Structure formats: structure tokens, C-alpha cells
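*Asks:* Pasted the sequence and its predicted model underneath.
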Amino acid sequence: MKRRIYLVTPGGARGRGGIGRMVAYLAGAWKEDERAADLVIVDSYGPDRKTLMPIYFLAACLRITASAALGRIDLLHVNMSERASVWRKGLVVWLGTLFNVPVLLHWHGADFIDYYHGLGPVRRRLLRATLHRAERTIVLGAFWRRFAVGELGLPIEKVGILANAVPDPRRAADDPPCPVPAEGGAERPTRIVFLGRLGARKGVPELLEALSGLAGDWTAVLAGDGEVGRFRTELAVLGLDQRVRILEWVDAATARRLLAEGDILVLPSRNEGLPMAVLEAMSHGLAVVATTVGSVPDAVQDGESGLLVPAGDAKALGQALARLVADSLLRRRLGERARRRFEAEFSLPVYVERLARIYAGTGTKLVQPVAAE
């Protein structure tokens with residue numbers, strides 16, 4: 001009989017954001033791979049409406065309780081973000097352990113560390129106790145593993161690294177073949193792409209400051225929800241509205257098209273887990289400019305598969321973008337190396353194989369880190 005793995009996640013396979021996309025990718029790849037375990041996805045949040053969230057969460061808890069009581073759950077895989085998600089998913093962890101169901105806790109939240117440090121001593125102890133109840137913990141990279149072990153005291157043998165992954169756009173059955181990005185230069189402006197929520201955490205203020213002083217022949221498109229009106233106004237004030245477009249939130253197909261037509265992906269976040277936009281850009285062979293936060297350095301090797309700058313440093317960001325706008329050979333070299341790194345570390349087949357090993361519980365070291373610690 002196949003093992004039954006319940007995957008608890010906000011929005012299920014239809015959720016927005018990085019967790020939702022990762023779960024959707026996993027669901028499709030797991031089914032195609034015909035693994036020896038059934039993956040049951042449990043939506044703990046609902047269709048992105050806070051008013052409905054309590055209903056969906058209660059329904060998820062009741063479903064887990066009933067299934068666990070009947071012995072129908074062999075493993076509970078819980079995706080956790082930050083803030084309120086910590087406590088909702090913490091309750092799910094306690095439910096699982098109450099019925100002696102092994103719990104695999106999967107961290108995603110970019111703001112988790114800041115949130116943890118802002119808690120009072122009582123809530124911090126409760127959170128630590130909750131995290132320690134999970135049999136295994138998955139984090140997105142070496143930075144998060146050091147925090148889990150060094151500050152939270154989780155046993156190192158119980159903390160594994162599983163980097164996010166994205167589909168290969170050059171092999172997608174429902175899309176035309178993804179072209180290799182053109183060099184730009186004299187034929188057309190260099191195309192800069194930003195994918196993410198428009199706000200301070202993703203470094204949009206620094207990005208606009210950097211673009212305001214960026215010379216050369218270039219255009220940029222910013223796609224995402226958030227403070228759209230504010231940044232459209234700022235574009236006009238800075239005189240960038242003829243060069244920079246804001247598209248608001250776009251679906252996956254549009255995001256793929258933007259990357260296929262782009263030359264540079266820029267994501268100057270102030271904190272991160274492991275952003276899907278960076279991995280998607282690497283899969284398309286784009287040159288990436290990002291910041292040294294979270295697990296980004298596990299994916300992007302500075303000077304090898306992209307350029308990394310300090311978070312909050314608009315001057316350094318502008319200098320990195322200027323290098324790439326002026327040098328098409330550098331863009332192509334970084335993009336080609338990023339593509340090869342994607343194939344080796346961040347493709348869906350690699351992800352599914354690593355997750356299957358984690359599910360199987362083989363050995364004490366769950367997976368190899370994606371970068372040296």
C-alpha cells in the first residue's frame with residue numbers, strides 16, 4: 001500500500017506567492033513521476049481572502065484530526081511562513097504529534113527571523129517548543145539552517161536543506177520553446193525585469209533610485225501586486241515613466257513571457273527565503289542581479305552566475321545594473337552559467353528526488369546543501 005502524505009499549505013496548489021507556486025509545481029511533478037506515495041494537498045488558508053481563512057483553517061484541522069484518528073496519515077508535511085502562519089501551522093504540528101503522526105516542518109517565510117526576534121520571552125519559548133516537536137525540519141538554504149541550529153537549538157541532524165525549484169521553460173509541454181535571451185545592444189534596449197510584490201521588502205525604493213541614475217539604452221518592467229499606485233507616481237516624479245512599466249500582478253504564463261523576452265532579472269530584496277523569481281530567471285538563462293540575503297547566495301554565485309549587492313545599497317545596485325547594460329558578453333556569460341546551475345540544482349526532477357529521500361527518512365542527513373556552508 002502506498003504511503004499517504006498530507007501536505008498542509010496556504011491556498012493549496014492554487015495559492016499565490018512562492019509557496020503556492022512551489023506546491024503547484026510539486027503536485028504536477030509528483031504525479032508525473034508516479035512516486036510510491038500519495039500526496040494529499042490540504043488547503044489551510046483558502047482563496048486569498050482573509051475573511052474566509054478561519055473557515056478553511058478550521059476545515060483543514062478537522063480533516064487532519066479525523067484522518068489522523070483513523071490512521072490515514074503516514075506523514076504530515078507542513079508548510080510554514082511567518083507571523084500568524086507560525087501559530088496556525090504550529091497548531092497543525094501539535095495536532096499531528098498528538099496522534100503520533102510524524103511531522104515534517106517546512107520553513108518558507110522571509111521575515112521569520114525578524115518576527116522571532118520581536119516576540120516576547122513567553123511566546124518565543126512557546127514557538128521554540130512547537131518547532132522542536134517536528135520530527136524533521138526543512139529549510140531553504142545554509143543561512144536558514146545556521147539560524148535553526150545555532151539560535152533555535154534544533155539538532156543539526158534533523159534540519160535538512162531543500163532548495164526551491166521551478167519547471168524548465170525549454171521543456172514545458174504547454175508552452176512554445178523558450179528562446180535564449182537576445183544580447184540586446186544596438187538592436188534593441190536591454191530589458192530589465194522585476195517580479196515580486198511592489199514594496200520596501202523587495203527593495204523597490206532602491207531599485208527606482210538605481211534606475212533613475214542608470215545610463216545606457218534600457219527599459220524595465222515591474223510586475224507584481226502591492227503599492228502599485230505609489231510607485232507609478234514615483235516613476236513620474238523621477239521621469240522614468242517612459243522607460244519603466246508597472247504591470248501589477250501577472251499570471252505564470254505572462255511571467256514566463258517577460259522572462260523569455262528579458263535580459264536581466266533584478267530583485268534587490270531586503271530579506272528573503274529563496275525567491276522563485278530568481279530561480280525562474282536562472283531557468284531562462286537571464287543574468288541576475290540580487291542581494292546577499294537569505295538563501296539567495298546559495299543560488300546565485302557572485303560573478304559566476306549573477307551579481308550580488310548588499311541589501312539597501314542603491315548605489316551598488318545601480319553599478320551592477322550599469323555593468324550588465326553596458327556589457328552584453330557579461331550578460332550572456334552569467335546567464336549561461338545561471339542556466340547550467342539551474343539544471344544541476346533547481347530543476348523539478350532534482351527537487352522531487354530530494355524530497356522523496358526526505359520522505360523516505362533515509363539516513364540522518366536529509367539532503368546535501370545547495371551551497372557550501
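*Replies:* Cool, the structure landed.
*Asks:* lowest average confidence, helix or strand, in the chain?
*Replies:* Least confident element among the helices and strands of the chain, by mean pLDDT, DSSP states H and E: helix 17-33 (a mean of 87).
*Asks:* What are the buried residues along that one?
*Replies:* 17-27, 29-30 (16 or more other CB atoms under 10 Å). (Each C-beta comes from the backbone N, C-alpha and C, glycine too.)
*Asks:* Got the phi and psi for the residue nearest the centre of the chain?
*Replies:* For the chain, the residue nearest the mean C-alpha position is residue 275 (3.4 Å; CA atoms, centre = their mean). Dihedral pair for residue 275: phi -70, psi 130, per degrees, to the nearest 10.
*Asks:* give the contact list for the residue lying closest to it once chain neighbours are set aside.
*Replies:* Nearest non-adjacent residue to residue 275, counting by CB to CB, 6 or more residues apart in numbering: residue 267, 5.9 Å away. By CB atoms under 8 Å, 6 or more residues apart in numbering, the residues touching residue 267 are 194-196, 202-203, 275, 277-278, 288-291, 296.
*Asks:* Just these: which are in helices?
*Replies:* 277-278, 296 (DSSP state H).
*Asks:* If we only consider the residues you listed, which is nearest to residue 233?
*Replies:* Minimum distance to residue 233 across those is 24.0 Å, recorded for residue 277 (CB to CB).
*Asks:* how does the protein divide up, domain by domain?
*Replies:* For the chain, automatic domain parsing gives the domain ranges 3-165+348-360, 190-345.
*Asks:* measure the longest one end to end?
*Replies:* Here the two ends of domain 3-165+348-360 are set 10 Å apart, with distance taken as CA to CA, to the nearest Å.
*Asks:* now swap in stretch 296-316 and tell me
*Replies:* One end of stretch 296-316 sits 17 Å from the other (CA to CA).
*Asks:* partner residues bridging residue 267?
*Replies:* Residue 267 has the following beta-bridge partners by DSSP bridges: residue 290.
*Asks:* now the buried residues of helix 17-33 in a markdown table, with distance to residue 132?
*Replies:* Formatted as a markdown table, the buried residues of helix 17-33 follow (distance: CB to CB, whole Å):
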| residue | distance to residue 132 |
| --- | --- |
| 17 | 27 |
| 18 | 25 |
| 19 | 23 |
| 20 | 28 |
| 21 | 29 |
| 22 | 25 |
| 23 | 25 |
| 24 | 30 |
| 25 | 30 |
| 26 | 26 |
| 27 | 29 |
| 29 | 31 |
| 30 | 28 |
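*Asks:* Return the member of the residues you listed nearest to residue 11.
*Replies:* Using CB to CB, these come closest to residue 11 at residue 20, 4.8 Å.
*Asks:* my read: the closest one touches residue 14, true?
*Replies:* Yes - judged on CB atoms under 8 Å, residue 20 makes contact with residue 14 at a distance of 6.7 Å.
*Asks:* Any quick ChimeraX command for the buried ones out of the contacts of residue 267?
*Replies:* The ChimeraX selection below is limited to those of the contacts of residue 267 classed as buried (16+ other CB under 10 Å):
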select :194,195,196,202,203,275,277,278,288,289,290,291,296
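*Asks:* Closest one of the contacts of residue 267 to residue 99?
*Replies:* Using CB to CB, residue 275 is the member of the contacts of residue 267 that lies nearest residue 99, at 35.0 Å.
*Asks:* For the closest one, give me the pLDDT.
*Replies:* On the pLDDT scale, residue 275 is placed at 95.
*Asks:* mind checking how far it is from residue 234?
*Replies:* Distance from residue 275 to residue 234, counting by CB to CB, to the nearest Å: 23 Å.
*Asks:* Can you tell me the SS state at residue 271?
*Replies:* Here residue 271 is recorded as coil under DSSP: H, G, I helix; E, B strand; the rest coil.
*Asks:* my bad, should have said residue 219
*Replies:* From three-state DSSP, the assignment for residue 219 is strand.
*Asks:* which ones are touching the residue nearest to it when sequence neighbours are not counted?
*Replies:* Nearest residue to residue 219, sequence neighbours excluded (CB to CB, 6+ apart): residue 189, at 4.7 Å. Contacts for residue 189 (CB under 8 Å, 6+ apart) come out as 217-219.
*Asks:* Tell me the buried residues within those residues.
*Replies:* In the contacts of residue 189, burial by neighbour count holds for 218-219, counting by 16+ other CB under 10 Å.
*Asks:* ok, of the contacts of residue 189, which one's closest to residue 149?
*Replies:* Proximity of those to residue 149 (CB to CB) peaks at residue 218, which lies at 42.6 Å.
*Asks:* wait, which of the contacts of residue 189 is closest to residue 304?
*Replies:* Taking CB to CB as the measure, residue 304 lies nearest residue 218 of those, at 23.2 Å.
*Asks:* Wait, that closest one touches residue 188, no?
*Replies:* No - Residue 218 is not in contact with residue 188 according to CB under 8 Å; the separation is 10.0 Å.
*Asks:* neighbours of residue 158, just the number please.
*Replies:* By other CB atoms under 10 Å, 16 other residues sit near residue 158.
*Asks:* Equivalent analysis for residue 209, please.
*Replies:* By other CB under 10 Å, the residues close to residue 209 number 18.
*Asks:* And for the one 4 residues further on?
*Replies:* Using other CB under 10 Å, the number of residues around residue 213 comes to 13.
*Asks:* can you pull the contacts of it?
*Replies:* Taking CB under 8 Å, 6+ apart, one finds residue 318 in contact with residue 213.
*Asks:* and the gap between it and residue 292?
*Replies:* Distance, residue 213 to residue 292, using CB to CB: 22 Å.
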